[in-house]
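A.B. asks: Let me see the structure of the following:
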Amino acid sequence: MRSFPHVCFDCVAPEGSYITGTREDHEAGFRRDGLVRRIVMRGMRQRRGGGGERRFSQSMGEVLAHEICKVNCRVSDDGLERELKAYLAEHSDTLVNAPFNPVMFEITQVGVNKGASVAWLSEHLGYAESEVAVYGDGGNDLVMLERFEHAYATANGSDEAKRAAGTVIGPCYLHAVPRHMLRTLRRERGRVVIE
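C.D. replies: Purely as a prediction, here's the structure:
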């Protein structure tokens, strides 16, 4: 935040998002997306309304008062984008940028990723990793898709996600993930003997 004071950072904590810019600054970052993605992203942001508070125009002190899990941003200036990528490359020993969409940044601490999170959760719930199925479509899913035996990428996902998963199912817009989950559950229930 100190190195890039003009970037609108969306700092995500368990209880909500603390955004360094105004609502207008935040929305401006989505203008690089194509029309269809802008519509989809607007719907996702609106549905997320119950997922915690969103506070705008937060100072560095206000942001750092929370446990930040990841930092998202979208940069519309090509020069600034190159500078931010160079900064992240210089700090690759501590920071990772693994965005689901190539026009944004999704920055976490090294080792903080969906793969580690799902592995922790499965262990906490008493499931072996071989009993877990994961689904993904972009850069922020790669570690998770590579880690788990039962990994599936959607047809509209990135080429990297498809390679990492090894198995490609239908596209998101045809509800491929819930359909695949339901088919899997039906198949598995047929194998379970209840006494």
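A.B. asks: Show me the residue at the heart of the protein, geometrically.
C.D. replies: Among the residues of the chain, the one closest to the centroid is residue 140, at 5.0 Å (C-alpha atoms, centre = their mean).
A.B. asks: Assess the claim that that one and residue 115 are in contact.
C.D. replies: No. Contact criterion C-beta atoms under 8 Å: residue 140 and residue 115 do not qualify, at 10.2 Å. (Glycine included, C-beta is placed from N, CA and C.)
A.B. asks: picking that back up, okay, the residue nearest to the centre of the chain: pLDDT?
C.D. replies: Per-residue pLDDT puts residue 140 at 93.
A.B. asks: Show me what whatever helix or strand residue 12 lives in is packed up against.
C.D. replies: Residue 12 belongs to strand 10-13 when elements are defined using DSSP states H and E. If contacts are counted by 3 or more C-beta pairs under 8 Å, 6 or more residues apart in numbering; DSSP states H and E, strand 10-13 sits against strand 16-19, strand 70-73.
A.B. asks: contact partners of the first one?
C.D. replies: Taking contacts as C-beta atoms under 8 Å, 6 or more residues apart in numbering, the residues outside strand 16-19 that touch it are 8-11, 25-26, 51-58, 62-63, 66, 68.
A.B. asks: Neighbouring strands - and their directions - for it?
C.D. replies: Take DSSP bridges as the rule and strand 16-19 pairs in its sheet with strand 10-13 (antiparallel), strand 53-55 (parallel).
A.B. asks: same question, the last one
C.D. replies: Taking DSSP bridges as the criterion, strand 70-73 pairs within the sheet with strand 10-13 (antiparallel), strand 105-109 (antiparallel).
A.B. asks: Could you save those strands as CSV and add columns showing mean pLDDT?
C.D. replies: Formatted as CSV, the strands paired with strand 70-73 follow (pLDDT from 0 to 100):
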stretch, mean pLDDT
strand 10-13, 96
strand 105-109, 95
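A.B. asks: Distance to residue 79 for the ones you listed - can I get that in CSV?
C.D. replies: Listed next are these as CSV, based on distance: least, C-beta to C-beta, whole Å:
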stretch, distance to residue 79
strand 10-13, 21
strand 105-109, 15
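A.B. asks: Can you redo the ones you listed as a markdown table, where the extra columns are mean neighbour count and distance to residue 156?
C.D. replies: Listed next are those as a markdown table, based on neighbours: other C-beta atoms under 10 Å; distance: least, C-beta to C-beta, whole Å:
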| stretch | mean neighbour count | distance to residue 156 |
| --- | --- | --- |
| strand 10-13 | 21 | 24 |
| strand 105-109 | 19 | 18 |
